[in-house]
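J.: Output the structure for:
(chains A, B, C and D)
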2 protein chains.
Amino acid sequence: MSPALPEFDRSLPMMLLRAREAAMARFRPVLTDAEVTEQQWRVVRALADVAEATPSELAERCAILPPSMTRIVRTLVDRGFATRRSDRNDLRRTLLSITPAGRELVSAMSPQITAIYDEFNRRLGEPGLDELLERLDVLIAEPSGSRD
Amino acid sequence: MSPALPEFDRSLPMMLLRAREAAMARFRPVLTDAEVTEQQWRVVRALADVAEATPSELAERCAILPPSMTRIVRTLVDRGFATRRSDRNDLRRTLLSITPAGRELVSAMSPQITAIYDEFNRRLGEPGLDELLERLDVLIAEPSGSRD
DNA sequence: AGAGAATCGTTAACATGTGAAGTGTTGACC
DNA sequence: GGTCAACACTTCACATGTTAACGATTCTCT
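T.: Below you'll find the model as predicted:
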């Protein structure tokens, strides 16, 4: 008999998707209120941590594909949350920075976002959250089980 | 001082997103090979488990929003993986079923999909996977911490 | 120097995510 | 039995996901 597929509803991809949906459901009202999309917020958030970054670096850190990043950066620059300049040492590269308006957005949203993080912390417990993150790390880590 | 935001890179939403991306990266080649999208596969997979289902039920089970479900069902019917009829007792409702071609798709893909599930099982260990799913359940479960 | 490969960002084309509004049908209530 | 709210599905508009291909720049190697 052909190997039975795992239970659909409790398969790893479905559970990860549902868990993320459940988490984002808490953040979404805050994002909507600030009139930024989830992805725009990720990029602004990432830009707040560094002096400058290239679209590629942001794409990596935010888990957003380059074509999407192109559009998101355009939006953020248009809305005044980020600025861009080109790298004089490598004209292929673009360097992006957060603007004061971008920083204001981050600081205005921080309290509410932090409160939601705290809520998840309470729900899972600190050790529970840490264990969860560790297991997710295992998934994220390169399998490297290959042979080289 | 304003409350510091959690580490961006290890925040729960980012980790869940990365973990899911890592997992899907393993499945994607199989899906591409079969020429179905991730979401189309989820719906076909869900249809294979039941005699009939409404778009709403599928949307719930597959974590796909109704507008997307409308488009996906249209595609699946066009491609011959599903059929639709309307409920005579409630003309608002549509009833969907998998076709033989849909079942063939599922059984053709099952071995490869199962192999990937097995790989994750090995990486995490059975108890590790179970613990992971339990913690994800905590996130998915209604907070219900409200007061009613 | 110069040809060709590699890199970075972008555009294109299609599928899906997301929130709002629309259509037809059913149910509840007067 | 007629009005109105609720429901199931759809459409619309815009943002993003996904793959492929493209243009400009840089690197490599001869």
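J.: Tell me which residues touch whatever residue of chain A ends up closest to DNA strand D, please.
T.: Scanning chain A for the residue nearest DNA strand D gives residue A:68, at 2.9 Å (criterion: C-beta to the nearest atom of the strand). (C-beta placed from N, C-alpha, C; glycine too.) For residue A:68, the contact set (C-beta atoms under 8 Å, 6 or more residues apart in numbering or on different chains) comprises A:39, A:59.
J.: And the pLDDT at it?
T.: Residue A:68 is assigned 98 on the pLDDT scale.
J.: Please pull up the helix or strand immediately following whichever strand or helix holds it.
T.: Using DSSP states H and E, residue A:68 maps to helix A:66-78. Going down the chain from helix A:66-78, the next helix or strand is strand A:82-86, by DSSP H and E.
J.: for that next one, which positions count as buried?
T.: residue A:82 (16 or more other C-beta atoms under 10 Å in any protein chain shown).
J.: and it with helix A:66-78, angle?
T.: Using axes from the mean of the first three to the mean of the last three C-alpha atoms, to 10 degrees, the direction of strand A:82-86 lies 110 degrees away from that of helix A:66-78.
J.: Could you pick out the longest helix of chain A?
T.: Assignment by DSSP state H gives helix A:100-124 as the longest helix of chain A.
J.: mind listing what's buried in whichever helix or strand comes after it?
T.: Counting by DSSP H and E, the next helix or strand C-terminal to helix A:100-124 is helix A:126-140. By 16+ other C-beta under 10 Å, the buried positions in helix A:126-140 come out as A:128, A:129, A:131, A:132, A:133, A:135, A:136, A:138, A:139, A:140.
J.: between those residues, which is nearest residue A:89?
T.: Closest approach between the buried residues of helix A:126-140 and residue A:89, by C-beta to C-beta: residue A:140, at 32.2 Å.
J.: Run through the residues that contact that closest one.
T.: B:15, B:18, B:19, B:22.
J.: Which strand or helix spans the second one?
T.: Right, residue B:18. Secondary structure (DSSP H and E) places residue B:18 in helix B:12-34.
J.: could you check the angle helix B:100-124 makes with that helix?
T.: Going by the same axes, to 10 degrees, helix B:12-34 makes 130 degrees with helix B:100-124.
J.: re the thing from before, now the buried residues of helix A:126-140 as JSON lines including distance to residue A:112?
T.: Putting the buried residues of helix A:126-140 into JSON lines (distance: C-beta to C-beta, whole Å) gives the following:
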{"residue": "A:128", "distance to residue A:112": "23"}
{"residue": "A:129", "distance to residue A:112": "19"}
{"residue": "A:131", "distance to residue A:112": "27"}
{"residue": "A:132", "distance to residue A:112": "23"}
{"residue": "A:133", "distance to residue A:112": "22"}
{"residue": "A:135", "distance to residue A:112": "28"}
{"residue": "A:136", "distance to residue A:112": "24"}
{"residue": "A:138", "distance to residue A:112": "31"}
{"residue": "A:139", "distance to residue A:112": "29"}
{"residue": "A:140", "distance to residue A:112": "27"}
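J.: residues in chain A within reach of DNA strand C, list them.
T.: A:21, A:24, A:28, A:32, A:38, A:54-56, A:66-67, A:69-70, A:73-74, A:92-94 (C-beta under 7 Å from any atom of the strand).
J.: List the contacts of residue A:53.
T.: Residue A:53 touches A:46, A:47, A:61, A:95, A:96, A:97, counting by C-beta under 8 Å, 6+ apart.
J.: For the residues you listed, which entry has the maximal number of neighbours?
T.: The most neighbours of any of those, using other C-beta atoms under 10 Å in any protein chain shown, belong to residue A:47, which has 26 neighbours.
J.: Now do the same contact list for that one.
T.: A:53, A:58, A:82, A:96, A:97, A:98, A:102.
J.: The last one - nearest residue in space that isn't next to it in sequence?
T.: Closest residue to residue A:102 apart from its sequence neighbours, by C-beta to C-beta, 6 or more residues apart in numbering or on different chains: residue A:81 at 3.9 Å.
J.: What's the per-residue pLDDT of the one you found here?
T.: At residue A:81, the model reports a pLDDT of 98.
J.: any idea how far the spatially closest residue to residue A:128 that is not a sequence neighbour is from residue B:83?
T.: Spatial nearest neighbour of residue A:128, chain neighbours left out: residue B:135 (6.2 Å); criterion: C-beta to C-beta, 6+ apart. To residue B:83, residue B:135 is 39 Å away according to C-beta to C-beta, to the nearest Å.
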